[in-house]
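>>> got a predicted model here, sequence first, then my questions.
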Amino acid sequence: MGFLDHVAACNDHDASRYIPFTIDNQVVGRIRPGFAEFLQHWPAVFSVTRESVALNCTGPDLMERSRRVAEVLDQLVEQGVLSHIHGERYAAMVEDGEEPLLLIDRAIAPYFGIRAYGQHVNGLVRDETGLKMWVSRRADDRLHYPGRLDNLAAGGLPYGLSLSENLAKECWEEAGIPGQLASQAISVGAVSYHMDTENGFKSDTLYCYDLELPKEFVPCCMDGEVQAFYLWPIEQVMDRVRNSSEFKLNCNLVIIDFLIRHGYIGPDDDAYRPLLTALRPVQPLLG
């Protein structure tokens with residue numbers, strides 16, 4: 001087990017298993033042929049061939065397009081093809097595009113292989129013994145990675161919320177960090193990964209933040225998603241990441257990025273240069 005193993009696990013992707021998902025002749029994602037077969041039962045909404053899936057209801061109204069797709073997804077949930085609807089929506093758009101072309105429920109996004117965005121906060125404390133990091137343990141009833149270690153606060157970026165609004169929301173819900181304190185989080189870049197999952201293609205970019213917290217601050221979960229918090233010396237966090245699989249998979253990348261930025265993984269480490277590239281892989285061509 002090592003740092004590069006976690007990065008490799010987050011980038012286990014085989015593009016040959018997918019076909020493009022297009023809107024207005026622009027590729028916005030990728031879909032497994034098996035899932036595409038279910039979509040062909042709604043020809044007014046999706047045009048399905050062996051080579052691609054295209055959105056048919058491509059009028060100018062974003063909300064109407066999204067509503068029609070949501071109706072299909074609701075029916076697929078009723079049929080048991082999809083497990084559930086999350087309630088938050090992600091925007092499907094052309095890479096580096098400015099305007100969303102479709103809104104898809106967060107739980108369904110991997111089925112369509114659209115790029116998703118999230119925000120992860122490294123909660124830090126400096127005292128006379130050195131640098132420490134707050135680590136959370138996910139609740140045992142979480143659908144994904146129950147009981148695993150996590151960043152202090154993290155969450156997906158849904159359509160309709162700004163980065164600052166969503167950051168404040170996640171900090172409060174997951175760790176009880178008040179808005180004024182959360183606003184002191186420093187944006188420090190991003191990590192990306194492209195991974196095949198049980199549900200489809202997960203192409204994520206995680207915006208990373210460092211937030212120094214007062215020594216007297218103790219996090220408290222407000223939404224039931226976290227069962228415990230630990231304040232560990234950064235060396236202990238580093239050891240857990242390097243030598244175990246205790247952290248939720250993508251959280252390893254956020255912490256590895258932190259360790260590089262703060263000099264805990266340096267040029268004398270054999271993994272240093274490979275990690276610099278691997279944490280920000282080039283988006284695979286969607287087509």
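Structure's in. What do you need?
>>> look up how far Val241 lies from the closest residue to Ser244 other than its chain neighbours.
Using C-beta to C-beta, 6 or more residues apart in numbering and skipping residues adjacent in sequence, the residue nearest Ser244 is Met1, 6.6 Å away. Where C-beta positions appear, they are placed from N, C-alpha and C, glycine not excepted. According to C-beta to C-beta, to the nearest Å, Met1 stands 9 Å off from Val241.
>>> so which of these two has more stuff around it?
Using other C-beta atoms under 10 Å, the more surrounded residue of Met1 and Val241 is Val241, with 24 against 10.
>>> how about stretch 94-105: buried residues?
Buried residues in stretch 94-105, counted by 16 or more other C-beta atoms under 10 Å: 94, 100-105.
>>> just put those in a markdown table and tack on distance to Leu55.
Output for these, formatted as a markdown table (distance: C-beta to C-beta, whole Å):
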| residue | distance to Leu55 |
| --- | --- |
| Val94 | 13 |
| Pro100 | 13 |
| Leu101 | 8 |
| Leu102 | 7 |
| Leu103 | 12 |
| Ile104 | 11 |
| Asp105 | 15 |
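>>> in strands, which of the residues you listed appear?
Of the positions in the buried residues of stretch 94-105, 102-105 sit in strands, assigned by DSSP state E.
>>> surely Glu212 and Leu124 touch.
Yes: the pair Glu212 and Leu124 qualifies as a contact (C-beta atoms under 8 Å) at a distance of 4.9 Å.
>>> which one's more surrounded, these two?
In terms of neighbours (other C-beta under 10 Å), Leu124 is the more surrounded of Glu212 and Leu124; the figures are 18 against 14.
>>> show me the shaky parts of the stretch 151-287 of the chain.
Low-confidence segments of the stretch 151-287 of the chain (pLDDT under 70): 282-287.
>>> sorry, back to before: would you turn the buried residues of stretch 94-105 into JSON lines with pLDDT?
Formatted as JSON lines, the buried residues of stretch 94-105 follow (pLDDT from 0 to 100):
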{"residue": "Val94", "pLDDT": "84"}
{"residue": "Pro100", "pLDDT": "91"}
{"residue": "Leu101", "pLDDT": "93"}
{"residue": "Leu102", "pLDDT": "95"}
{"residue": "Leu103", "pLDDT": "96"}
{"residue": "Ile104", "pLDDT": "96"}
{"residue": "Asp105", "pLDDT": "95"}
